[in-house]
Every structure is written in C-alpha cells, then in structure tokens.
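Asker: quick one, structure for this:
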Amino acid sequence: MIGLYDRVSATEIASVASRDPQFRVPRQPTLIKGLVFIPIEGGLLVDGTAERQIFRGRGTQTLLPELFPLLDGRHTVTQIADRLPDIPVSAIEEAIALLYSRGILEEGAQATDPDWCAVFPDTAQFFHRHIDVTRVHSGAGAALEQLGTFRILLLGEAAPCGSVAEQLALCGLQLVTIAGWADKQPWPTFDLAVVPCIGGEARRELRMLDDICARRGVPWLRTALFGTKIEIGPRFQRAEVACYRCYERLHESSAHATPPSRHQLELWASLVTTEIVMLASRLGELASGHSMLVFDTADWSLAQLRPVSSPRCRLCARSNLRGDVWEAAAYEQAVTSRSKQFLSPKAHQIHHRAIQRRLREVGARYRSSPEQALPEDEDERRLVSRAVSSVMSATSERLDLRQIAQIVRRGVGYQARPTAGEPAARRWAPSAGNLGSPQVYLVATGVIDLPDGVYYYDAVRDVLALLRAQDSALRLRQILAAAAPDGGDDHACWLVLTAALGRLRAKYGPLGYRLAHLDAGVAIAQMEAVAHEAGITWITSACWPDSAILEELKLDPRAEPVTAVAAVSA
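Answerer: This next block holds a predicted model:
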C-alpha cells in the first residue's frame, strides 16, 4: 500500500474517486513534466508541484518503479494493468488515483503543448507543474491552447499598456490590442478588457465601458497604480458582481500627481500580467474574482476588498429589497459565489484529506455530567416515515422519553455508526460537509421517564447529558414561553438548537455562519416531520431571546450561537 505524509492511503483515495464525480482520474495518465523525484528512506519525495509530496509504504519501492515508465499518456489504466500482470489491478487503480489527487498526473490526451510553446518552454513547464492548483483543466495542453486564443483589449495610455502587452507576449498571449479612449477606430472583438489607471481614474469613461461590456456580455478588469499603491481588480461582469457604479459609490476616487518610477511600473505590470494569465487560463487562484487586492509597496501590506451591489441598484441588484438591509446584503455577497467562472474544482475536493475527516469525527461532550440513556431504536436504519409508527402507537396526553428520542435522533443523530473502511459518518439529516453542525439542548419540564432539567443530546454516545437541574429548566421554560406567541407555558419540552460554528469555520471560513443556519433549518424540518407524523405537537419559534438562553446555558455566542427554538408537546 502507498500512503501520504498526512495519512491518506491509496485505497481511501480510490474509494473517494469512485463515488465523487468531481474527481476526474485520467483515462490515459501521464506524469507531469518538470517534477523532481527523490528517493528517501522508506518512501519517495516529489518536488515541483504546488505542494511538496512525501509518499511512504512498500509500494514506493515495488509498485511505483514499474508503474512510472508506463505513465506516458499513451496507455489506458487497463493497458497498464495488462503490462503488469503480477500486480493486482486494484493496486494499480489505487496508485493512479492517489498520484492524480496529489497533482502528479494529468490527462495524456490534453497534455500535448500547442506549437507556440516551442518558443516559451519555461511557460509551458510552469503550466504543467501547476495544473493541479485548480483542476479546471485535465491537462496543461488545454490551458495553454486557451491562452493562445484569448483576446485582450488594453485601454489607456500607451506606456503602461505597452509594458503589460510586452509581458503578456512572453506568456503566450499574442492577441492583444492597445487602444486609447480618444481613438476613433472601433474596438475589435475581445474576451477581456483591461483598464490601467495610472495616477488617476477616468470614472466617466469607466462607466461607459461598464455599459458597453454589459451589452457585449464580456468582463473587464480594473487595475491601478497610485503612488506606492497597486490595485488589482475588481473584475466587472454585469449580473455576476457589483457594477462599476456601485463600486464608485463606495470607493473615493484616488489620484497621485507624481508619476510612477520605472521599477514601480514594472512591478505593477508583472502583477497585472499574472492576473490576466490566470483569468485567461484558469490555471491558478484569481486575485480579482469578486474582489480587489490592494498592495502598498511602502510597507508591503496587502488588503482584500470586495465591492458590494447596492440592494436598490437598477443595474446589478438581484432583488428589490426593502428596509435597511445593507449589512445583510453585504454579508450575503461576501460569502456567496455567484458564478461558476470563479469556482475551483480542487477547492471542492478536499473532503478526503485527513484534517477534513477529523472535522467530521465529533467528540463526546459533557462526559462528567450525569447521563440519561435513551430507549433503543428497534431498527436504526429504517426510513424516517416508517420510524414513527412505534411512536404513534405510544402517543398519549403526555410526552414520553421514547418519543423525544425518536425526534432528536432523526434530527441530529446518526443513521449508522462509522465502521472500518467507512469514509464518513452517516447521519439522518444532511449537513454542510457532513460536519453535523446542529447541536440540541432539551429543556424538559414534563416528559415521562425523564426527570425535569436541561439536557444536551450527545449524538456520539446517543445519550442525554444532564447540564442543569429542575430550577434552571423552569427558568428557561419561562424565558422561552415569554417569547412565544401562544404563551407556550403548557409545552412539556423545548428544543434549543445551536451551531458548532468552529467546525464549519475551519472548513468554510465566513461562509460557515450562513451554512450553520441552513443546517439548522434542515434539522428542524426533519424533526418537525417526525413529530407531525407521530401526532405530536411541534411549534417552531419565530423569535427567541438569544442573550438569555446563552447566559442560562453558559455558551459563547461566537462559538455556538442559537440557530432555532421549538416547543414539543403531546
């Protein structure tokens, strides 16, 4: 078996690749050009890709030396297996899947360089070594071919536009046109317009360009050099990002009378060229995307700004919102990618990594608290619609522990425990990244077989951990009932959902806060469906006093905010 330094085995990767359609394992795999393979004790070190790789295991000494010569882009996996009859086919498939996942292989049919690469061999080799950064292309040949046909219009002063055009030519971008605002000649067809703003910004002309590009359905890139500040972006494309007028409202016009030095101009041109190459080829991550990067060479600081569409903009607003919704609109736009043009397939293929698996392995909480065992499920694998039949027969005038157990399990519990060889835990309700972010606290004040108190449902151990005694449960019930429209004082149990924001933030960043509420909505809907089918009264609260609940439960709102509240009674 072959394994990686982060303890991901070839068997695991092959299993993921067989189930995940986003993994496009090469049909005719070929080793990427320009990599360096260094044998080490008990393994193999590979350098030259975006990430340095270390492979370990017996396969690095026995399988890979025989496999590498056949990874030439001319053999299919089946043909390779035929040439190596002494090695199991499964071992060959697993090794190829692992090598692909680590950026060592590309598709042979798309690895052939176009003719122009003979003049720029270093550029071609760079593309091959970094084709795995985004995985937009299966082979570097496709990305290089795209470069050769990409048409660029540079609008502005001749000197800065000429500096960018010169560097673009060295990267294989030959279809570049330079034009000025006062030129009488019509602009040619282009795939991207680039506007250098040196010392100042012609905002009237840029508004005009924004409208022209919107009518043509093509994007344009703003870039600027103001003194020591270099700005890359935003990349404007109507209906995809904020329009230029929205950007203009939020950002004051900058100006700098002193002309830039030759070194500043060269640095600016290099950064702009890199961004254009990435936009044209989608080889690497974009600096502009939805945002604007601001470099300051005076202190070498870097800031990323994202222009926000005004909720009432007639050009780029996605909906006609009412009231003061600016902050909500800004957050939604900051965490939501509107366009598939900016998506990186590689970013969505990290769930197999060891750190992502550890995020799904939820540890038990409140181990020292008294535990209340839950009645066992007769068949933990049956469908939700069938699971409530036993609950319905037991429905009476009072709620009992068995009914609560069925509801909570189907909302945030496990459908089946992870077993050896199983890549992920199987939960009843889906959640972002299968991380199981919803947490449930029960405020029980009249449930048969369950002493009054405040409990936490530990899904890992399938038990209720007693956190607070009866007096705390009565206080919480009073707090929750006061916010309920019906007074809510006769409900036997209240459910408070919180979010394990740390797990979501570790994988999704700021988007995790949005996903936490979506996960809560799914869990609430699942539990409500089970309760209603069993004839149990379920009321989801429209509002609740966050501060009072968090204070009573001793929770940190930055780590575990309240996401939903519901009342349950027979």
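Asker: average pLDDT for stretch 181-189?
Answerer: The average pLDDT within stretch 181-189 is 86.
Asker: now do the buried residues in it.
Answerer: For stretch 181-189, the neighbour count (16 or more other Cβ atoms under 10 Å) marks no residue as buried. The way it works is simple: take the backbone N, C-alpha and C, and place the C-beta from them, glycine included.
Asker: stretch 245-265 too?
Answerer: Those would be 245-248, 260, 264-265, for stretch 245-265 by 16+ other Cβ under 10 Å.
Asker: repeat that for stretch 439-454.
Answerer: Per 16+ other Cβ under 10 Å, stretch 439-454 contains these buried residues: 439-447, 450, 452-454.
Asker: same question, stretch 51-61
Answerer: Quick answer for stretch 51-61 (16+ other Cβ under 10 Å): 53-57, 59-60.
Asker: next one: stretch 284-303
Answerer: Taking 16+ other Cβ under 10 Å as the criterion, stretch 284-303 shows 284, 286-295 as buried.
Asker: could those go into TSV alongside secondary structure?
Answerer: Below are the buried residues of stretch 284-303 laid out as TSV (DSSP: H, G, I helix; E, B strand; the rest coil):
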residue	secondary structure
G284	coil
L286	coil
A287	coil
S288	coil
G289	coil
H290	coil
S291	coil
M292	strand
L293	strand
V294	strand
F295	strand
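Asker: want to try CSV for these, with distance to H75 as columns?
Answerer: As requested, these are exported to CSV (distance: Cβ to Cβ, whole Å):
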residue, distance to H75
G284, 29
L286, 35
A287, 39
S288, 40
G289, 38
H290, 42
S291, 43
M292, 46
L293, 43
V294, 49
F295, 46
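Asker: which of those residues sit farthest apart?
Answerer: G284 and V294 (19.5 Å; Cβ to Cβ).
Asker: hang on, A416 packs against R427?
Answerer: No - with contact defined as Cβ atoms under 8 Å, A416 does not count as touching R427 (9.0 Å).
Asker: neighbour count for the two, which is higher?
Answerer: More crowded of A416 and R427, by other Cβ atoms under 10 Å: R427, with 24 against 12.
Asker: contacts only, for the more buried one.
Answerer: Contact analysis of R427 by Cβ atoms under 8 Å, 6 or more residues apart in numbering lists 412-415, 434, 436, 459.
Asker: and which of the residues you listed is nearest T336?
Answerer: For the contacts of R427, the nearest to T336 is N434 (20.9 Å; Cβ to Cβ).
Asker: what about the closest one, how many neighbours?
Answerer: N434: 16 neighbours (other Cβ under 10 Å).
Asker: and the closest residue to A330 other than its chain neighbours, how many neighbours?
Answerer: In space, and not counting its chain neighbours, A330 is closest to V308: 4.6 Å by Cβ to Cβ, 6 or more residues apart in numbering. V308 sits with 23 neighbouring residues when counted by other Cβ under 10 Å.
Asker: over to P69. Which of the three states is it?
Answerer: helix.
Asker: in terms of pLDDT, where does it sit?
Answerer: 92.
Asker: check Q28 too.
Answerer: Reading off the model, Q28 has pLDDT 93.
Asker: so how far is the first residue of stretch 461-476 from its last?
Answerer: End-to-end distance for stretch 461-476: 25 Å, by Cα to Cα, to the nearest Å.
Asker: what about it, average pLDDT?
Answerer: 89.
Asker: which residues are contacting that stretch?
Answerer: Contacts of stretch 461-476 (Cβ under 8 Å, 6+ apart): 364-366, 369-374, 409, 413-414, 441-445, 450-458, 494, 549, 552-553.
Asker: so who does the residue nearest to R306 when sequence neighbours are not counted touch?
Answerer: Excluding the flanking residues, the one nearest R306 by Cβ to Cβ, 6+ apart is S291, at 4.5 Å. Contact analysis of S291 by Cβ under 8 Å, 6+ apart lists 233-234, 304-307.
Asker: which PyMOL command selects the buried ones in those?
Answerer: Listed next is the PyMOL selection for buried residues among these, using 16+ other Cβ under 10 Å:
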select buried, resi 233+234+306+307
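Asker: which of the contacts of S291 fall in strands?
Answerer: 233-234, 304-305 (DSSP state E).
Asker: which ones are touching the residue nearest the centre of the chain?
Answerer: Centre of the chain computed as the mean C-alpha position; nearest residue by Cα atoms, centre = their mean is Y508, 5.4 Å away. Shown in contact with Y508 (Cβ under 8 Å, 6+ apart): 432-433, 515.
Asker: make a markdown table out of these and add secondary structure and neighbour count.
Answerer: What follows is these, written out as a markdown table (DSSP: H, G, I helix; E, B strand; the rest coil; neighbours: other Cβ atoms under 10 Å):
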| residue | secondary structure | neighbour count |
| --- | --- | --- |
| A432 | helix | 19 |
| G433 | helix | 20 |
| L515 | helix | 21 |
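Asker: just the closest of the residues you listed to T228, please.
Answerer: L515 (38.8 Å).
Asker: so how far is G436 from that closest one?
Answerer: 12 Å (Cβ to Cβ, to the nearest Å).
Asker: least confident of the contacts of R427?
Answerer: For these, the pLDDT minimum is Q415, 80.
Asker: R426 is in contact with that residue, correct?
Answerer: Yes - counting by Cβ under 8 Å, Q415 touches R426, with 4.5 Å between them.
Asker: and the helices in the stretch 401-550 of the chain?
Answerer: Taking DSSP state H, counting those that start in this stretch as the test, the helices found in the stretch 401-550 of the chain are 401-412, 470-483, 501-508, 511-533, 546-553.
Asker: who's in contact with the first one?
Answerer: By that I understand helix 401-412. Contacts for helix 401-412 (Cβ under 8 Å, 6+ apart): 372, 374-375, 377, 380, 384, 387-388, 390-391, 394-395, 427-429, 436, 438-440, 442, 444, 447-450, 457, 459, 462, 493, 495, 523-524, 526-527, 530-531, 534, 536, 568, 570.
Asker: how deep is the closest residue to I32 other than its chain neighbours tucked in, by neighbour count?
Answerer: Distances taken as Cβ to Cβ, 6+ apart put H128 closest to I32, at 5.1 Å, once the chain neighbours are dropped. H128 has 24 neighbours, counted by other Cβ under 10 Å.
Asker: could you check how far G200 is from L206?
Answerer: Counting by Cβ to Cβ - G200 and L206 are separated by 11 Å.
Asker: next: L293.
Answerer: 18 Å.
Asker: next: C213.
Answerer: Taking Cβ to Cβ, one finds C213 at 10 Å from L206.
Asker: next one: A242
Answerer: Distance, A242 to L206, by Cβ to Cβ: 13 Å.
Asker: who has more neighbours out of these two?
Answerer: Counted by other Cβ under 10 Å, A242 and L206 do not tie: A242 has more neighbours, with 24 against 21.
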